[in-house]
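sequence unavailable; structure follows:
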């Protein structure tokens, strides 16, 4: 990495850290996140690179995921609609967002994600591909997350965000065990295997939702 790239990365990290610290303090007070790990096999701190695959219930979800991984810098996939002006583009790039075109996914986005994984970063993806406003459901997952994890040789960590019943309710974030997609797809994956792994990740999300119901149904 040349000196210009290092300087740009340092500036980006500074802006990201500043916004994260100043923004997450009120978010912690307002959302009062409850982090629940599905089992003893879920590490308290995710080390190294991984893809965080979460359901998508609102535009607050990127902030909510940050609350679950306060000790890490996260890189989030963001739709190109957020980059419609130069100012927005610069801001979201400083916030470690990776641009993606949902209608025409390109190799540039794929390489950007894989590069972050190779740098041992955490990349946040919402595999449903859109904000799902249907209550208590997880829609079909797109295969991109599995493909990226396989190429980057990193696990996928399933995360289920429980949609609060009311705006003032605390947010619960369920974290599942890291999943090695290569164990499902094999060394050279076929589209059938990738789709199978995507369905498996979605099923793990549903299991996290069921676990929440069994643990906290008294609060309803």
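Ah, there it is. As the structure is a computational prediction, the values presented were derived from the model and not from experiment. Numbering: from 1, shown residues only.

OK, contacts around the closest residue to residue 96 other than its chain neighbours?
Leaving out its chain neighbours, the residue that sits closest to residue 96 by CB to CB, 6 or more residues apart in numbering is residue 75, at 4.5 Å. Placement of C-beta: from N, CA and C, glycine included. Going by CB atoms under 8 Å, 6 or more residues apart in numbering, residue 75 touches 96-98, 113, 116, 121-124.

how about these in TSV, adding secondary structure and neighbour count?
Below are those laid out as TSV (DSSP: H, G, I helix; E, B strand; the rest coil; neighbours: other CB atoms under 10 Å):
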residue	secondary structure	neighbour count
96	coil	21
97	strand	21
98	strand	21
113	helix	26
116	helix	22
121	coil	20
122	strand	23
123	strand	27
124	strand	23
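
ok, so of the residues you listed, who is nearest residue 142?
Residue 142 has its nearest neighbour among these in residue 113, at 13.4 Å by CB to CB.

residue 53 sits in which helix or strand?
Remark: residue 53 resides in strand 50-54, with elements defined by DSSP states H and E.

which residues does that strand contact?
Contacting residues not belonging to strand 50-54 are listed as 61, 65, 69, 74, 113, 117, 122-127, 141, 145, 148-149, 152, 154-161, 178, 201, 205 [CB under 8 Å, 6+ apart].

check stretch 23-39 too.
44, 60, 63-64, 66-68, 70, 170-177, 207-208, 211-212, 215.

next one: stretch 143-152
49-51, 53, 105, 110, 113-114, 117-118, 123, 125, 127, 155-156, 181-182, 185, 189, 191, 194-195, 197-198, 201.

distance check, the nearest residue to residue 202 once chain neighbours are set aside against residue 189.
Leaving aside its chain neighbours, residue 202 sits nearest to residue 141 (4.5 Å; criterion: CB to CB, 6+ apart). Counting by CB to CB, to the nearest Å, the separation of residue 141 from residue 189 is 15 Å.

after the helix or strand hosting residue 15, which helix or strand is next? Please name it.
Element membership for residue 15 (DSSP H and E) is helix 3-31. Counting by DSSP H and E, the next helix or strand C-terminal to helix 3-31 is strand 34-37.

and that following strand, average pLDDT?
This predicted structure assigns strand 34-37 an average pLDDT of 95.

try stretch 115-133
90.

in that stretch, what counts as buried?
By neighbour count with 16 or more other CB atoms under 10 Å, stretch 115-133 contains the buried residues 116-117, 121-129, 132.

and for stretch 186-204?
Here stretch 186-204 shows 189, 193-198, 200-202, 204 as buried, counting by 16+ other CB under 10 Å.

cool, and stretch 40-50?
By neighbour count with 16+ other CB under 10 Å, stretch 40-50 contains the buried residues 42, 46, 49-50.

select only the buried ones of the contacts of stretch 23-39 in ChimeraX?
Per 16+ other CB under 10 Å, the buried members of the contacts of stretch 23-39 correspond to this ChimeraX selection:
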select :60,63,64,66,67,68,171,172,173,174,175,176,208,211,212
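
so which of the contacts of stretch 23-39 are in helices?
Counting by DSSP state H, these place 63-64, 66-68, 207-208, 211-212, 215 in helices.

sorry, back to before: how far out from the middle of the chain is the strand or helix carrying the residue nearest to residue 96?
Taking DSSP H and E as the criterion, the element that holds residue 75 is strand 74-79. Using CA atoms, centre = their mean, to the nearest Å, the mean C-alpha position of strand 74-79 is found 8 Å from that of the whole chain.
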